[in-house]
Each structure stands twice: as C-alpha cells, then as structure tokens.
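Visitor: any chance you could fold what I've pasted below:
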Amino acid sequence: MDTNSALEQIINKVLSQAESDMISKIDVAYDDAEKKLMASKHIIESDYNKIMDDARKQAENLKKQIVGNSRLSTRNKQLVLIEEAVSDAFEKAKTKIDSVRSSNEYVSMMKKLLEDGLNSINAEEVIVECNGKDRDVVKKMASELGLNLKMKINISEEAIDVLGGLRVMSKDGSMVYDNTLDSRIERLKPIIRKDIAIMFK
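Guide: Model prediction:
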C-alpha cells in the first residue's frame with residue numbers, strides 16, 4: 001500500500017468518525033430541542049387555559065355587575081313609581097276631604113278625633129289646636145264635650161297648618177296627642193307603600 005492510499009484511508013476514517021459524531025450530536029440536539037418544545041407547549045397550553053379561565057371569570061363578573069346595576073336601576077324606578085302613586089293617592093284624599101268638610105260624616109269624624117284626644121290626655125284643662133277651616137266645628141264640639149267630661153277645653157287662636165283633624169295637649173304642653181289627618185296619613189303611608197310594592201312583584 002502506498003503512502004497516498006494509506007493517507008486517504010486515514011482521512012476517510014477520520015471523516016467518517018467526524019460525520020458519525022456530528023450526526024450523533026445532531027440527533028441529541030434534535031431530541032433535546034423536541035423535549036424543550038414539548039415542555040414549552042405544555043406551559044403555553046397551561047398559560048392559554050389560565051388566560052381563558054381568567055377571561056371567562058372577568059366576563060362572568062362583568063355580566064353579574066351589569067345585571068346587578070340593571071336590577072338596581074329597575075328597583076329605583078319602581079320606588080319612584082311607588083312614591084308617585086302614594087303621593088297621588090294622598091292628593092286625591094286631600095281633595096276629597098275638602099269637598100266633604102261640611103258633611104255630617106266629617107263632623108262625626110272630628111268629634112271622634114276630639115274624644116280620642118281628650119281621653120288620651122285625661123287632664124282637667126287642655127288646649128286643642130286645629131286648622132282655620134275646622135275651628136268653628138271644633139269650638140262647638142268642645143263646649144259640649146267639656147260640659148259632659150267636666151273638663152276645661154281651650155281652643156287655640158292660632159290655626160295649625162294641617163289638612164284636618166286636631167291636636168290635643170295638656171295645659172303645660174307636657175303631653176300631646178296628635179290626631180291630625182296629616183299624622184294619621186303619615187302612619188298609613190308605609191302600609192300603602194307595601195300594598196303598592198306588592199303590585200310591582
């Protein structure tokens with residue numbers, strides 16, 4: 001074997017060995033890259049799923065907030081309508097009271113309101129307050145009841161700004177029985193609001 005042939009064989013052997021090492025390293029690098037790619041794929045999928053879950057939760061919270069605001073707005077509108085209905089009912093009642101003020105029913109009611117007040121205060125001397133429209137009627141009833149109950153009933157000269165009814169108080173003002181129609185109406189308002197609110201359900 002000549003020198004060139006031997007040298008060629010050594011070169012071929014070295015090249016073959018280098019090629020084999022290179023292929024082996026490429027295979028290892030490929031396997032390594034594939035593993036990293038698969039690992040990063042799982043991380044990316046996990047991140048994607050987390051982002052999607054967060055987005056779904058935010059959308060659900062936003063939906064609840066919108067629905068909640070809508071319900072609150074609807075409830076506020078209902079409350080306004082209820083208040084308007086209550087006010088309207090009382091305005092009609094006020095108009096009706098003015099139209100029946102001189103009737104026997106109204107006079108009977110005033111007498112009952114006065115008797116209730118006198119019995120509640122139960123003092124020897126009382127002061128009765130009423131509006132200007134009812135003063136004559138109340139004076140007449142007071143003189144009759146005062147004699148029957150042996151009680152001194154003073155009718156206040158100052159008219160009070162009420163729809164009707166009256167206030168009875170002890171002479172020293174320590175006890176007051178408010179039997180005005182206004183206070184009775186105020187006591188009825190919560191019941192009427194409740195009845196009207198039921199209609200909105």
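Visitor: buried residues, stretch 109-128. List them.
Guide: Residues of stretch 109-128 classed as buried: 109-111, 113-115, 117-118, 121, 123, 126-128 (neighbour count, 16 or more other CB atoms under 10 Å). For the C-beta atoms, the positions are set from N, CA and C on the backbone; glycine is no exception.
Visitor: farthest-separated two in those?
Guide: The span of the buried residues of stretch 109-128, defined through CB to CB, is set by Met109 and Ala123 at 23.2 Å.
Visitor: next, the contact list for Asp31, please.
Guide: Residues near Asp31 by CB atoms under 8 Å, 6 or more residues apart in numbering: none.
Visitor: per-residue confidence for it?
Guide: pLDDT recorded at Asp31 is 73.
Visitor: do Ser40 as well
Guide: 66.
Visitor: confirm Tyr177 sits in a strand?
Guide: Yes - judged by DSSP: H, G, I helix; E, B strand; the rest coil, Tyr177 forms part of a strand.
Visitor: tell me who's in contact with it.
Guide: Contacts of Tyr177 by CB under 8 Å, 6+ apart are 116-117, 120-121, 167-169.
Visitor: and with 10 Å instead?
Guide: Residues counted as contacts of Tyr177 (CB atoms under 10 Å, 6 or more residues apart in numbering) are 113, 116-122, 126, 128, 166-170, 183.
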